[in-house]
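Chemist: here's a sequence, model it:
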Amino acid sequence: MVRTAMRDKTANSRRRRKPPAGIREQTQCRFCREGKKYIDYKDVDVLQKLLTNRGKIFSRKRSGNCASCQRKVKTAVKRARFMALLPFTS
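Modeler: Residues are numbered from 1 along each chain as shown. Now for the predicted structure:
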């Protein structure tokens, strides 16, 4: 009797939890949702959200960008660094 109770307890802990009903995975990146064709290098506030505190660019998975927008972000950050709007390192 004790063994079956413990077995049921461990089986319940292995089940995956379902996410809350209101939250779902986003299908588009933030720039595609806004319909932006160009990511401006002068918009430092947006670019800083895509950088770590040490100045590295977040990965696609972390930032939620699609591949084409991630490439546009990369060039925008490089241009902003060259124009001294963003630091190369911390």
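Chemist: low-confidence regions, this structure specifically.
Modeler: 1-13, 19, 22-26 (pLDDT under 70).
Chemist: spatially central residue in this protein, please.
Modeler: residue 63 (2.3 Å; C-alpha atoms, centre = their mean).
Chemist: list the contacts for residue 74?
Modeler: By C-beta atoms under 8 Å, 6 or more residues apart in numbering, the residues touching residue 74 are residue 57. In this view, the C-beta of every residue, glycine as well, is placed from N, C-alpha and C.
Chemist: residue 30 too?
Modeler: For residue 30, the contact set (C-beta under 8 Å, 6+ apart) comprises 64-65.
Chemist: where's residue 55, which helix or strand?
Modeler: Assigned by DSSP states H and E, residue 55 belongs to no helix or strand.
Chemist: contacting residues around it?
Modeler: Applying C-beta under 8 Å, 6+ apart, the residues contacting residue 55 are 86-90.
Chemist: likewise for residue 46?
Modeler: Residue 46 neighbours (C-beta under 8 Å, 6+ apart): 39-40.
Chemist: make sure it is indeed in a strand.
Modeler: No: remark: residue 46 does not belong to a strand; assigned using DSSP: H, G, I helix; E, B strand; the rest coil, it is helix.
Chemist: residue 42 reaches residue 85, doesn't it?
Modeler: Yes: the criterion here is C-beta atoms under 8 Å, and residue 42 meets it with residue 85 at 6.9 Å.
Chemist: just want to know which of those two has more residues nearby.
Modeler: Counted by other C-beta atoms under 10 Å, residue 42 and residue 85 do not tie: residue 85 has more neighbours, with 15 against 11.
Chemist: and that one, how far from residue 15?
Modeler: 49 Å (C-beta to C-beta, to the nearest Å).
Chemist: how about whichever helix in the chain runs longest: buried residues?
Modeler: Determined from DSSP state H, the single longest helix within the chain is helix 67-82. Of the residues in helix 67-82, those with enough neighbours to count as buried (16 or more other C-beta atoms under 10 Å) are 69-70, 72-73, 76-77, 79-81.
Chemist: if we ignore the residues flanking it in sequence, what's nearest residue 41?
Modeler: Using C-beta to C-beta, 6 or more residues apart in numbering and skipping the chain neighbours, the partner closest in space to residue 41 is residue 79 (3.9 Å).
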